[in-house]
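> Have a look at this fold, sequence not included:
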């Protein structure tokens with residue numbers, strides 16, 4: 001099969017993904033084989049490919065927003081031809097203390113799709129049968145792909161931030177995840193304030209119903225109840241914190257930050273303001289978000305790349321050259 005493999009991490013400009021023929025996955029007990037129809041490109045893929053996250057498997061096929069059809073290992077619940085999705089969390093041990101507490105997103109021995117096991121930048125992919133999700137017919141393959149991480153993790157970020165209907169919510173950064181989160185927030189009658197660099201991202205936020213849009217250097221005109229940061233920057237976290245009311249919450253939607261700068265406790269954190277990190281997702285998050293997406297008619301904005309241009313897709317993500325989400329089609 002054709003696939004994009006990472007053998008040595010490096011800047012996207014050096015084209016670190018090697019496109020070529022590799023062996024089709026061999027199934028282990030409890031796995032299904034998927035014929036990949038589309039795979040979303042996530043900023044986490046960029047962190048893996050450029051080496052900002054430590055290597056867990058080499059070589060590895062990245063990609064964890066997989067839409068595919070069951071092509072092997074079928075069961076009565078997952079028959080051949082059924083269209084399913086796969087996300088970042090590809091498995092858990094089910095026995096650690098956190099799993100037993102219902103916190104599988106924090107499992108001590110997790111499987112991460114496209115990181116600890118091969119992912120979806122390929123014509124075929126293997127996945128654990130209990131970590132695939134049937135997809136609604138209303139969504140096309142390329143529309144469904146970005147929902148499977150950018151959408152789910154944005155939805156979890158809303159939950160971690162404690163957002164309630166009708167609140168004032170700030171989105172700091174407006175890429176693939178934020179442009180899906182805003183649809184949920186608008187459906188919940190929240191007032192949404194977007195701070196982001198890039199004129200095209202600001203125009204997209206306006207078109208999707210943001211109440212206020214400003215640059216990364218501008219502060220929202222009201223004190224926010226909740227804020228979610230999407231850029232992998234500690235400076236953005238501090239900017240979001242400075243926009244909160246007392247008792248407000250910042251949720252950091254990032255698996256990697258460049259750094260956390262020093263900030264003044266008295267003026268920024270005091271007053272029971274909180275900073276929370278968002279770590280992975282649960283299967284219930286995935287099920288709940290897919291149901292919400294179908295209910296509100298969520299349709300992501302996507303830019304398509306053939307598998308042979310996987311390096312170009314990652315470079316576009318790095319340069320913030322994509323409005324919405326990038327999707328690879330084998």
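Received the coordinates, thanks. Owing to the predicted nature of the structure, the values given are computational and were not obtained by experimental measurement.

> can we go C-alpha only for contacts and neighbour counts from here?
Fine.

> So which residues of the stretch 51-200 of the chain form helices?
Listed in chain order, the helices found in the stretch 51-200 of the chain under DSSP state H, counting those that start in this stretch are 97-100, 141-144, 150-160, 178-187, 199-207.

> Turn these into CSV, columns for mean pLDDT.
Shown next, in CSV, are the helices of the stretch 51-200 of the chain (pLDDT from 0 to 100):
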stretch, mean pLDDT
helix 97-100, 96
helix 141-144, 95
helix 150-160, 95
helix 178-187, 95
helix 199-207, 92
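
> Select, out of the ones you listed, the one closest to residue 82.
Within those, the stretch nearest residue 82 is helix 141-144; the backing value is 12.4 Å (CA to CA).

> quick one: contacts of the closest one?
By CA atoms under 8 Å, 6 or more residues apart in numbering, the surrounding residues in contact with helix 141-144 are 37-40, 67, 85, 135, 299-302, 304, 327.

> buried stuff in that helix?
Judged by neighbour count (16 or more other CA atoms under 10 Å), helix 141-144 contains these buried residues: 141-144.

> ok, of these, which one's closest to residue 73?
The shortest distance between residue 73 and any of the buried residues of helix 141-144, using CA to CA, involves residue 141 and amounts to 21.3 Å.

> average pLDDT for the lengthiest helix in the chain?
Selection of the longest helix in the chain by residue count, based on DSSP state H, yields helix 283-296. Helix 283-296 carries an average pLDDT of 93.

> what packs against whatever helix or strand comes next after it?
Counting by DSSP states H and E, the next helix or strand C-terminal to helix 283-296 is strand 302-306. Applying 3 or more CA pairs under 8 Å, 6 or more residues apart in numbering; DSSP states H and E, we find strand 302-306 packed against helix 141-144, strand 325-329.

> Among these, which comes closest to residue 231?
Relative to residue 231, the nearest member of the helices and strands packed on strand 302-306 by CA to CA is strand 325-329, separated by 14.6 Å.

> Would you indicate which residues of stretch 122-137 are buried?
By neighbour count on 16+ other CA under 10 Å, the buried set for stretch 122-137 is 122-129, 131-135.

> again, but for stretch 292-299
Buried residues in stretch 292-299, counted by 16+ other CA under 10 Å: 293, 298-299.

> what do you get for stretch 57-68?
Of the residues in stretch 57-68, those buried by neighbour count under the rule 16+ other CA under 10 Å are 60-68.

> can you give me the offset of it from its chain's centre?
Computed by CA atoms, centre = their mean, to the nearest Å, the chain-centroid distance of stretch 57-68 equals 14 Å.

> re the thing from before, contacts for the longest helix of the chain next, please.
131, 133, 135-136, 138-139, 147-148, 151-152, 155-156, 184, 187.

> Show me the two of the residues you listed that sit farthest apart.
With distances taken as CA to CA, the most widely separated pair in the contacts of helix 283-296 is 131 and 187, at 27.7 Å.

> residues in contact with residue 126?
In this structure, residue 126 makes contact with 25-27, 31-34, 118-119, judged by CA under 8 Å, 6+ apart.

> Quick check: which of those residues has the minimum pLDDT.
On the confidence scale, these reach their minimum at residue 26, with 93.

> can you put the buried residues of stretch 57-68 in CSV and add pLDDT and distance to residue 165?
CSV is the format used below for those (pLDDT from 0 to 100; distance: CA to CA, whole Å):
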residue, pLDDT, distance to residue 165
60, 98, 41
61, 98, 40
62, 98, 36
63, 98, 33
64, 97, 30
65, 97, 28
66, 98, 31
67, 98, 31
68, 98, 34
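
> Can you give the distance of stretch 62-75 from its chain's centre?
Relative to the centre of its chain, stretch 62-75 is centred 18 Å away, using CA atoms, centre = their mean.

> Surely residue 317 touches residue 45?
No. Counting by CA atoms under 8 Å, residue 45 is not a contact partner of residue 317; they are 9.7 Å apart.

> For the stretch 101-250 of the chain, which segments are assigned as strands?
Across the stretch 101-250 of the chain, reading from the start of the chain, the strands by DSSP state E, counting those that start in this stretch fall at 111-112, 124-128, 132-134, 168-172, 191-195, 212-214, 224-229, 244-252.

> Deepest-packed of those, please.
Ranked by mean neighbour count under mean count of other CA atoms under 10 Å, the strands of the stretch 101-250 of the chain are led by strand 224-229, which reaches a mean of 28.

> Check which helices and strands it is in contact with.
Taking 3+ CA pairs under 8 Å, 6+ apart as the contact cut, strand 224-229 packs with strand 168-172, helix 234-241, strand 244-252.

> Worst mean pLDDT among those?
When the helices and strands packed on strand 224-229 are compared on mean pLDDT, helix 234-241 scores lowest, with a mean of 93.

> which other residues reach it?
Outside of helix 234-241, the residues within contact range by CA under 8 Å, 6+ apart are 170, 172, 216, 219, 227-229, 249-250, 252, 257-261, 263, 268-269, 273, 275.
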